[in-house]
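A.B. asks: Make a model of this:
(chains A, B and C)
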Amino acid sequence: MAASRVPKIVLRALHKDYDDGVTGRSVAAIHDLDLTVGAQEFLCLIGPSGCGKSTLLYILGGFVPPTSGEVLIDGRPVASPGPDRGIVFQEYALFPWLTVLENIMYGIRGEKTRGGRRIRAEQFVAKVHLTGFEHHYPRNLSGGMKQRVALARALAHDPEILLADEPFGALDTQTRSLMQEELLRIWESDRKTIVFVTHSVEEAVYLADRVVVMTARPGTVKADITVPLSRPRNFDVLMQAPEAMALRAELWRLVKEEVLRAGYFA
Amino acid sequence: MNVAADRPGAALWRRLRRCCSVLLMLAIWEGAARSGLVSSFLLPAASDVLANLWRMVTEGQLLYHTFQSLMRASAGLGLALVLGIPLGLIRARSRLANSILDPILAFWFPVPKVGLIPIALLFFGLGHGSKIALVFVDALLPLVIATYQGALRIDNRLVWSARSMGDSEFKILSRVVLPGTLPQILTGFRLAVTVSLLVVFLAEMVASSSGLGHVMIYALRTLETKDVFSTLIAMSLLAFIADGLVLVLRRRLLVWSE
Amino acid sequence: MKASAVQRHQRGACIAGIASLILFIGSWQIVTATEIVPDDVLPRFTDVAVTWWQLLISGELVRQTASSLSRQAAGFAAALVCGVSLGIVMARHRMVDDLVGPLTTVILPIPKAALIPLVMLWFGIGDAAKTIIVFLGTILPILVSTYHGAASVDHVYIWSARSMGDDERTLLWRVVFHAALPEIMSGIRMGLIISLIVLVGVEMLAGQGGLGWLVFFTLDSGAYRVTYAAMLTIAVIGFAYDRLFLMLSRRVLHWAEQNP
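C.D. replies: Now for the predicted structure:
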């Protein structure tokens, strides 16, 4: 389990306020949040809807500026997006005017020639098992296939960090399971630091090294739990293991507390 | 929630900036004209133009001509509504009608119907008739198309439940289809209003002895620049008010939908 | 080989088109031949057709058409370039939007026909004036559509591109333009239609050649057959332009989701 001397990502005293369009008042999305992520660590963020976990991800990505606080990557502050942090969205975000191959090629900058870029992109097409679909357009692909392309695209430019915003949320259960397996397989072969936002406690336990539970809005860290399961993880065996079941129950208890506190079922 | 929203109060700041932009342009206009930088023949001062507009209203017959234009546009628009909405509904409900009407409409849609001005003049002479006919032809298409597209979107299940309750075809049309199509019709109507004013002005410019278009072209031919500008403002005001009225109408009629 | 549903639909539309064309010409001829409508108002179709042919071989039709189309093409091309680039920049840069936006909002409600006399006042009655009025009439729909399309580009596209290393400049062309393209194309189509309307209008008023002038001039002089022949030419050009544009649009946007 990797934990290097300098944490890969450090968030300190993070605040994020935004204007509530309806009332015009300022609302705090994130409040006094501290978090560190080690290099090559797989971290899952879970919490009730609206707790700011996506906002946190966007701040990490540099897409949204924090109101105050520090965002450090490799010890250096970040304020804008960059190729060191790849991102995958729930809505796939594939460029519909480009083919599968062109989408994956989009961010590849390292190669000198176009041919070189194509070869590298083709490697990633193979990695996500989409050989044969290089020249298809996104509109002809299923949800699972689109997400695989999105993943390949985000990884092809070799970022050190991968940010994932509920990437499997729009998929049906079977596809979702397969995609989770696929993600782990790819990650095992080339470990990046991953910050993965999800709604599903099960998904978090299956995928992550560490799970961070966020409170309801304004979001801050409620719990930070290391997942005591060894890798490589097999879904069926694993999910029956008593440690896994206990962890799932505990996480769900924590999340449920926050869901109720936020008043969704008041 | 707008994740990327900016600082509080930014919206107000923006509106201020935009107002300033308009005021700045007005100031430049007035300055350029008054200082003699641009000859007053080409660009009379904004204040002069406004004063002239007032003069045209009080001493000239601007209101009379405005009324002429409005009357023609309204008549043509009214006819287009009466024919256009039923045609659009029929098109949506009857595949046969659609296959007949579709190629006709598809052909005429991109055609610059101003080219029909001479026909209108030949058929109806120089008076009101030709202008009304032109407005009718130009306003008809957007209304038919909009009604058709709106009617297509009606959830079939609404129609089926009405039918199963024994409503007559006509009742279904007027009670279910028409109200559901209203949003689209109003969008098409808004376009038709814009087009009808455009056409009426143009037709009056080409051949008429009354109406705002005629006033403008007369001003051009007599090289009365201020009159040209004033009439331009009058036309724009008219178009702006007409559009505003359509939007108000839309909000009133669609209170139940959004 | 069974034709696909799309092909069958297109063939059906083609047949329906030809059928209604025949219907149109037929009723025209009948109405005039039986004198329901007098000859001096509506000449027979056959007479008009003959006149059209004469105009064609004498070169007059070609001359006037070329005159009209060159003005339209110049103004349209300029409006296209300016409208699209300005629209994209306005959508992405608040400062530009705040500066130019209000100007657009003010000019938008002005009926484009109302600008014709003003442009004639400033620029005379020659080609320059006509090209300018085409430019002014066309740029607005293109600008508005482009702006709207560019402003509503889903932020996930932009963020994805930025996370892959694109800066704002590269983004505009590589992402925003493409994402907004469907809406841009529909704005261009409107611009095309309006450009023809405005062109014919100004040619009628300002003269100096062109199809619009031909239509109006012959009306004055009583050569009605030429009037109708010229009007038909305008109609056909308008239709052809639109069809060609729709074909182009379909190819350019082949990647877009098909709308029912």
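
A.B. asks: Excluding chain neighbours, what is closest to whatever residue of the stretch 51-200 of chain B ends up closest to chain C?
C.D. replies: Sorted by distance to chain C under CB to the nearest CB, the residues of the stretch 51-200 of chain B start with residue B:110, at 3.4 Å. Backbone N, C-alpha and C define where each C-beta goes, glycine included. Closest residue to residue B:110 apart from its sequence neighbours, by CB to CB, 6 or more residues apart in numbering or on different chains: residue C:242 at 3.4 Å.

A.B. asks: Surely the one you found forms part of a helix?
C.D. replies: Yes - under DSSP: H, G, I helix; E, B strand; the rest coil, residue C:242 sits within a helix.

A.B. asks: who's in contact with it?
C.D. replies: B:109-110, C:189, C:192-193 (CB atoms under 8 Å, 6 or more residues apart in numbering or on different chains).

A.B. asks: try residue A:100
C.D. replies: Contacts of residue A:100 by CB under 8 Å, 6+ apart are A:125, A:130, A:133-138, A:141, A:149.

A.B. asks: Where does the prediction get shaky in the chain?
C.D. replies: The chain I'm using is chain A. Residues of chain A that meet the criterion pLDDT under 70 lie in A:1-5, A:21-22, A:24, A:264-266.

A.B. asks: nope, chain C
C.D. replies: Those would be C:1-4, C:258-260, if you go by pLDDT under 70 across chain C.

A.B. asks: Where do the helices of it begin and end?
C.D. replies: C:5-33, C:45-58, C:60-92, C:94-107, C:112-123, C:127-151, C:155-163, C:168-171, C:177-206, C:211-221, C:224-252 (DSSP state H).

A.B. asks: Residue C:192: how many residues sit nearby?
C.D. replies: For residue C:192, the count of nearby residues is 22 (other CB atoms under 10 Å in any protein chain shown).

A.B. asks: meant to ask about residue A:247
C.D. replies: Residue A:247 has 20 nearby residues by other CB under 10 Å.

A.B. asks: all helices for the stretch 51-200 of chain A, in order.
C.D. replies: A:53-61, A:100-105, A:114-127, A:143-156, A:173-189 (DSSP state H, counting those that start in this stretch).

A.B. asks: Geometric centre of the chain: which residue is closest?
C.D. replies: Picking chain A for this. The centroid of chain A falls nearest to residue A:164 when counting by CA atoms, centre = their mean (2.1 Å).

A.B. asks: oops, I was thinking of chain C
C.D. replies: Chain C, centroid-nearest residue using CA atoms, centre = their mean: residue C:192 at 2.0 Å.

A.B. asks: That one reaches residue C:240, doesn't it?
C.D. replies: No - using CB atoms under 8 Å as the test, residue C:192 is too far from residue C:240 to be in contact (11.2 Å).

A.B. asks: Where does chain C get nearest to chain A, residue-wise?
C.D. replies: residue C:164 (2.9 Å).

A.B. asks: got a list of what that residue touches?
C.D. replies: Residues near residue C:164 by CB under 8 Å, 6+ apart: A:83, A:86, A:106-107, A:153, A:157.

A.B. asks: Need the nearest residue in space to it, chain neighbours excluded.
C.D. replies: That would be residue A:107: by CB to CB, 6+ apart, it lies 2.9 Å from residue C:164.

A.B. asks: likewise residue C:131?
C.D. replies: Residue C:131's closest residue in space is residue C:75 (CB to CB, 6+ apart), at 4.4 Å.

A.B. asks: which residues touch the one you found?
C.D. replies: Counting by CB under 8 Å, 6+ apart, residue C:75 has contacts C:130-135, C:138, C:195, C:199.

A.B. asks: So it versus chain B, what's the distance?
C.D. replies: Residue C:75 sits 14 Å away from chain B, going by CB to the nearest CB, to the nearest Å.

A.B. asks: can you check residue C:17 too?
C.D. replies: 4 Å.

A.B. asks: contacting residues around the closest residue to that residue other than its chain neighbours?
C.D. replies: Excluding its sequence neighbours, the residue lying closest to residue C:17 (CB to CB, 6+ apart) is residue B:103, at 3.9 Å. Shown in contact with residue B:103 (CB under 8 Å, 6+ apart): C:13, C:16-17, C:19-21.

A.B. asks: what do you get for residue A:161?
C.D. replies: A:8-9, A:60, A:73, A:84-86, A:192-195.

A.B. asks: which among the residues you listed are in contact with chain C?
C.D. replies: A:85-86 (CB under 8 Å from any CB of the partner chain).

A.B. asks: mind giving me a markdown table with the contacts of residue A:161 and columns for distance to residue B:248 and neighbour count?
C.D. replies: What follows is the contacts of residue A:161, written out as a markdown table (distance: CB to CB, whole Å; neighbours: other CB atoms under 10 Å in any protein chain shown):
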| residue | distance to residue B:248 | neighbour count |
| --- | --- | --- |
| A:8 | 58 | 23 |
| A:9 | 54 | 22 |
| A:60 | 47 | 24 |
| A:73 | 53 | 21 |
| A:84 | 53 | 16 |
| A:85 | 49 | 26 |
| A:86 | 50 | 27 |
| A:192 | 57 | 20 |
| A:193 | 56 | 22 |
| A:194 | 54 | 22 |
| A:195 | 50 | 27 |
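
A.B. asks: In whichever helix in chain A runs longest, which residues are buried?
C.D. replies: Ranked by residue count, the top helix of chain A under DSSP H comes out as helix A:242-261. Judged by neighbour count using 16 or more other CB atoms under 10 Å in any protein chain shown, the buried positions of helix A:242-261 are A:244, A:247-248, A:250-252, A:254-255, A:257-259.

A.B. asks: Tell me the helices and strands packed up against that helix.
C.D. replies: helix A:201-207, strand A:210-214, strand A:221-226 (3 or more CB pairs under 8 Å, 6 or more residues apart in numbering or on different chains; DSSP states H and E).
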